[in-house]
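Enquirer: Could you look at this predicted model? Sequence included:
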Amino acid sequence: MEPPVKVYDRAFFLLCGGTVLFMASFGMLLPELPAHLAQMGGEQYLGGIVGMFTLAAFLSRFLSGRIADRAGRRKVMLIGSAVTALAGFGYIVATSIVTFMALRFFHGLSTGFRPTGTSAMLTDRIPKNRRGEALGYLGVAGNAGMASGPALGSWLTVEWGIEWMFVASALLGMASILFTWPLEETLPGARPVRSSDLNPFKGALIDPQAWPAAVVLLPVALAFGVYLTITPDFVDHLGYVYKGSFNTIIVASSISMRFIAGRMSDRYGRIPMMLAGTLLLGIGMVLLGSAETKTMATIGALVYGASIGINMPTVFAWTADLAQPGQIAVALGTMLMALEIGIGIGAVASGMHFQGDVARLPELYYMSGLGAFLAAIALIPPLLMGKRS
């Protein structure tokens, strides 16, 4: 058996440390922004908190990938971190609904840039046959940030006030810049950003080779959009006092699986692992839909979290495998567009159907499970033909 990827050097820890800080920076805002917007008199615009952010992330991916492939990974990462730092300070002075929504759009640019550059840089540094493992570890760092950020944000808001949470978010963004600055560029021939890089009519915006991974990711993202929208009401209906504890179960399950899933995708192939992940996603959604007790909901959460831990590092590695020469970042951006589209559609559609009626919760989970099972069926023919990766 081959030894683990030797990426445990200074650059690897800077990449992972910067990812933890970046994910915590914007993740810490999520639990508190709805109440903040409602206090501003914009309760009817709550959907814009996710919507404006997701729209900007989607649009920015048309540019971030090719900038990373032309001007360098490090520049794209620094842009993403700088945006989240500036946005943190901006929330302090965004006192009107219009400026708040504009700031949410600006903030969304950060996730359109930073993750694309980070994944591309890590992919540059490791051999192709060990991508899944290294990207799995990077995913652990991202999960750690998303798990710790909201808890810290809520504590700061309660104990010190929401302004201090905004300051902390900005400081974490600045810290992610400090972790990124010492990194050496991994793109050969990196150059300054040119105006042509920002012209959507010059050069490729997407990599068609990445479509298989992007299409398979869609039902995964749709289910996540549904989960984000209806699960707070689901856990409240089951009688959870601390709603965040349910999300902690999923994150812990995902982190545990990421330690081994990426390495398994390197060994057994991307398609077999995506098949396993989508099947677990379908089972997890069915379990959540049929759960009438906290115990059953916990089992469903563990299975769903495991599916995320398998699917995400595998689809990142699969996308890098499929990318055309010199277009890894563009391919990753293409795949991540599917993520934004799926989350957006899942969130909007489930919100429109749910409308506060808890009796509709099971069918929404079941529909998400059906999408996952259909994706699994679609993966069987290429698997049987021997296209393991």
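Expert: Nice, I can see it.
Enquirer: and residue 215, which of the three is it?
Expert: Assigned by DSSP: H, G, I helix; E, B strand; the rest coil, the conformation of residue 215 is helix.
Enquirer: Who are the contact partners of it?
Expert: With contact set as C-beta atoms under 8 Å, 6 or more residues apart in numbering, residue 215 has these partners: residue 338. All C-beta atoms are positioned from the backbone trio N, CA, C, and that covers glycine.
Enquirer: change the start of the numbering to 17 and stick with it
Expert: Done: numbering now begins at 17, and the last item shifts to residue 231.
Enquirer: Give me the below-cutoff pLDDT ranges for the stretch 167-316 of the chain.
Expert: The stretch 167-316 of the chain contains residues with pLDDT under 70 at 217, 219-220, 257-261.
Enquirer: all helices in it, in order from the N-terminus.
Expert: 178-196, 227-253, 260-284, 286-306, 310-338 (DSSP state H, counting those that start in this stretch).
Enquirer: Residue 345: which of the ones you listed is closest?
Expert: helix 310-338 (9.6 Å; C-beta to C-beta).
Enquirer: So which bits of the helix or strand just after that closest one are buried?
Expert: Per DSSP states H and E, helix 310-338 leads on to helix 344-370 as the next helix or strand towards the C-terminus. Neighbour-count burial for helix 344-370 flags 344-360, 362-367, 370 (criterion: 16 or more other C-beta atoms under 10 Å).
Enquirer: One more: stretch 41-59?
Expert: Using 16+ other C-beta under 10 Å as the test for burial, stretch 41-59 gives 41-50, 52-53, 58.
Enquirer: Tabulate those residues in a markdown table, adding columns for distance to residue 280.
Expert: A markdown table is the format used below for these (distance: C-beta to C-beta, whole Å):
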| residue | distance to residue 280 |
| --- | --- |
| 41 | 31 |
| 42 | 30 |
| 43 | 27 |
| 44 | 32 |
| 45 | 34 |
| 46 | 31 |
| 47 | 33 |
| 48 | 37 |
| 49 | 37 |
| 50 | 38 |
| 52 | 42 |
| 53 | 42 |
| 58 | 46 |
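Enquirer: and which of those is nearest residue 82?
Expert: Nearest to residue 82, judged by C-beta to C-beta, of the buried residues of stretch 41-59 is residue 42 at 23.5 Å.
Enquirer: Quick check on that closest one: phi, psi?
Expert: Phi and psi for residue 42, reported as degrees, to the nearest 10, are phi -90, psi -30.
Enquirer: just residue 222 next, same as before
Expert: According to degrees, to the nearest 10, residue 222 has phi -130, psi 160.
Enquirer: show me the contacts for the closest residue to it other than its chain neighbours.
Expert: Leaving aside its sequence neighbours, residue 222 sits nearest to residue 350 (C-beta to C-beta, 6 or more residues apart in numbering; 4.3 Å). By C-beta under 8 Å, 6+ apart, the contact list for residue 350 reads 77, 81, 222-223, 226-227, 230, 335.
Enquirer: between those residues, which has the most around it?
Expert: Counting neighbours by other C-beta atoms under 10 Å, residue 81 comes out on top of the contacts of residue 350 with 33 neighbours.
Enquirer: Using PDB, write out every CA atom in stretch 282-295.
Expert: Output of stretch 282-295 as PDB, limited to C-alpha atoms (Å, rounded to 0.1, in the frame of the first residue of the first chain):
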ATOM      1  CA  ASP A 282      -7.800   7.600  -5.700                       C
ATOM      2  CA  ARG A 283      -7.600   3.800  -5.300                       C
ATOM      3  CA  TYR A 284     -11.000   2.700  -6.600                       C
ATOM      4  CA  GLY A 285     -11.900   5.500  -9.000                       C
ATOM      5  CA  ARG A 286     -14.100   8.600  -9.000                       C
ATOM      6  CA  ILE A 287     -17.300   7.100 -10.500                       C
ATOM      7  CA  PRO A 288     -17.500   4.200  -8.000                       C
ATOM      8  CA  MET A 289     -17.100   6.600  -5.100                       C
ATOM      9  CA  MET A 290     -19.700   9.000  -6.500                       C
ATOM     10  CA  LEU A 291     -22.100   6.100  -6.900                       C
ATOM     11  CA  ALA A 292     -21.600   5.200  -3.300                       C
ATOM     12  CA  GLY A 293     -22.000   8.800  -2.200                       C
ATOM     13  CA  THR A 294     -25.200   9.500  -4.200                       C
ATOM     14  CA  LEU A 295     -26.700   6.200  -2.900                       C
END
